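The following block contains a protein sequence and its predicted model.
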Amino acid sequence: MFFQIDPDSGVAIYDQIARQVKYAIAKNTLRAGELVPSVRELAVKLAVNPNTVARAYRDLQNDKVLEALRGEGLRVSQEAAAHCRLARQTNMEARVQRVVIEALQSGFVKDEFIGLVESAWQSLARSKTIEKQSIPETP
């Protein structure tokens, strides 16, 4: 599983981890029943404090996205996919609204703005490295 952490984004690292787990589940990269990396393993891989990963995992457990398996670790719960798709939708709607507000305030017309979105979508959708690109986070 691939994580991209941006310590300068203004979003807490534990929240970035939790969000990316949810996105991986919504995208079916992680499926119900699959184990997530251990706290220690992910902390080493991301070069973050293990408490940060533990907080993200605790939040995901509270949201019923992850569940503990005694002696094995944490796995994706059966109901996680629906929850994560809804969370992804809600997050994207909020982010798109902020961008549309900025576009309207700066004087863009709808066709001009839609053209920018379509152009970005086409160029990024063709990119072979999209999975490795950092997603700009917003608080």
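The structure has been received and is ready for your questions. Here the structure is a predicted model, which means the values were calculated and not measured.

Would you mind finding the longest helix in this protein?
helix 80-105 (DSSP state H).

what packs against it?
helix 13-26 (3 or more C-beta pairs under 8 Å, 6 or more residues apart in numbering; DSSP states H and E). Using the backbone N, CA and C atoms, a C-beta is placed for each residue, glycine as well.

In terms of pLDDT, where does the closest residue to R85 other than its chain neighbours sit?
Excluding the flanking residues, the one nearest R85 by C-beta to C-beta, 6 or more residues apart in numbering is A26, at 4.6 Å. On the pLDDT scale, A26 is placed at 95.

residues contacting A26?
A81, C84, R85, A87, R88 (C-beta atoms under 8 Å, 6 or more residues apart in numbering).

From T29, how far off is the residue nearest the centre of the chain?
Nearest to the centroid of the C-alpha atoms of the chain, with distances taken as C-alpha atoms, centre = their mean, sits Q20, at 2.8 Å. From Q20 across to T29, the span is 10 Å (C-beta to C-beta, to the nearest Å).

Could you do L35 as well?
For L35 relative to T29 (C-beta to C-beta), the value is 14 Å.

you'd agree D15 is up against V53?
No - using C-beta atoms under 8 Å, D15 is not in contact with V53, being 12.0 Å away.

Between these two, which has more neighbouring residues?
Comparing D15 with V53 by other C-beta atoms under 10 Å, the one with more neighbours is V53, at 26 against 16.

Now the more buried one: which helix or strand?
helix 50-62 (DSSP states H and E).
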